[in-house]
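Trainee: below are the sequence and a predicted model; questions follow.
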Amino acid sequence: MWRIGKRFSFDASHRLPGLPEGHKCGRLHGHTYTVEVVVEGDSLTGPGFVTDFGDLAPFGQYINDHLDHRHLNDVLGVIAPTSERLAWHLAQWLKDHLADSLGGRLAVVRVSETPSSWAEYVLDLT
Ligand SMILES: Nc1nc2c(c(=O)[nH]1)N=C([C@H](O)[C@H](O)COP(=O)(O)OP(=O)(O)OP(=O)(O)O)CN2
Ligand SMILES: [Zn+2]
């Protein structure tokens, strides 16, 4: 099986209510988020692609239009937009909008708020 990935990034603010008093993430702050989408396949098409990286362009457009320079507490409609919840939100968007048009299967959406941390949502489309 092959796996390919494409990385996207955007800047956004959030705050995480519900943390202990004084926790830094309870305050309004921002991140340069990184999102990686992993697509897998058992065969190759065209010149040797699982799926053309360019087929993920609509996902980049969604990020630019709806998440970049936004406040994630407003956009996601959850009280605490953690990396885990953002990964789930993005996985649902990919499932709803791109699953049928990609050459391969959507496998993982991984979100990083900082270079040292990540959360991922593993898709099961079987
Ligand atoms: N499991 C999760 N833990 C935390 C999340 C999250 O989404 N999922 N988010 C935060 C905060 O948003 C915080 O801004 C980022 O946390 P942290 O990695 O601690 O950020 P730092 O840049 O301060 O990391 P250092 O490596 O300590 O410098 C918190 N936890
Ligand atoms: Zn944060």
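Mentor: Structure's in. What do you need? Residues are numbered from 1 along each chain as shown. Ligands and ions are numbered 1, 2, ... in the order given.
Trainee: now for the longest helix seen in the chain, which elements pack on it?
Mentor: As far as residue count goes, and with DSSP state H defining each element, the longest helix of the chain is helix 83-97. Other helices and strands packing on helix 83-97, by 3 or more Cβ pairs under 8 Å, 6 or more residues apart in numbering; DSSP states H and E, are strand 29-41, helix 57-66, helix 72-76, strand 105-112, strand 119-122. C-betas here are computed from N, CA, C, even on glycine.
Trainee: out of those, which is closest to Thr82?
Mentor: Closest of these to Thr82 is strand 119-122, at 7.1 Å (criterion: Cβ to Cβ).
Trainee: single out the most deeply packed of the helices and strands packed on helix 83-97.
Mentor: Among these, judged by mean count of other Cβ atoms under 10 Å, the one packed with the most neighbours on average is strand 105-112 (a mean of 21).
Trainee: that one near ligand 1 anywhere?
Mentor: No - if you take Cβ under 6 Å from any ligand atom as the test, strand 105-112 misses ligand 1, and the best it gets is 7.9 Å.
Trainee: same check, this time on stretch 74-88
Mentor: Yes - against ligand 1, stretch 74-88 shows contacts by Cβ under 6 Å from any ligand atom at Thr82, Ser83, Glu84.
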